[in-house]
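Visitor: fold the following and give me the result.
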Amino acid sequence: MTYGTETWPPTMGLIRRLIVTQRAMERAMLGLSLRDQIKNEEIRRRTRVTDIAQRVAKLKWQWAGHIARRTDGR
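Guide: From the prediction side, this is the model:
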């Protein structure tokens, strides 16, 4: 889900869509529906998956460091 996110502009709409998609995937992994009314924190605790917004931010900084270390003049 995070492939290529290093180069995407991090708009709030994009981050929100990624979070919603991740939450839906986690619910599917656990076999839960929205009707079960289980809190998002509980779902995250059960799946132990990293938050997608934090992952995207980390990947962006890693990419920036990679670009900053270039020495080939590009």
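Visitor: nearest residue to residue 47 other than its sequence neighbours?
Guide: Nearest non-adjacent residue to residue 47, counting by Cβ to Cβ, 6 or more residues apart in numbering: residue 26, 4.8 Å away. C-beta: built from backbone N, CA, C; applies to glycine.
Visitor: so the one you found touches residue 49, yeah?
Guide: Yes - using Cβ atoms under 8 Å, residue 26 makes contact with residue 49 at a distance of 6.1 Å.
Visitor: what's in contact with the helix or strand that contains the residue nearest to residue 47?
Guide: Following DSSP states H and E, one finds residue 26 within helix 12-30. Residues from elsewhere that reach helix 12-30 (Cβ atoms under 8 Å, 6 or more residues apart in numbering): 1, 8, 33-34, 40, 43-44, 46-47, 49, 51-53, 56.
Visitor: mean confidence for it?
Guide: The pLDDT scores in helix 12-30 average 93.
Visitor: pull out the buried residues from it.
Guide: For helix 12-30, the buried set under the neighbour-count rule, 16 or more other Cβ atoms under 10 Å, comprises 15, 18, 22, 23, 26, 27.
Visitor: residue 40 versus residue 3, what's the distance?
Guide: According to Cβ to Cβ, to the nearest Å, residue 3 and residue 40 sit 24 Å apart.
Visitor: who has more neighbours, the two?
Guide: Using other Cβ atoms under 10 Å, the more surrounded residue of residue 3 and residue 40 is residue 40, with 11 against 6.
Visitor: identify the residues contacting the residue positioned nearest the centre of the chain.
Guide: Residue closest to the average C-alpha location in the chain (Cα atoms, centre = their mean): residue 52, at 1.6 Å. Applying Cβ under 8 Å, 6+ apart, one finds that residue 52 lies in contact with 1, 2, 18, 19, 21, 22.
Visitor: done for today, thanks.
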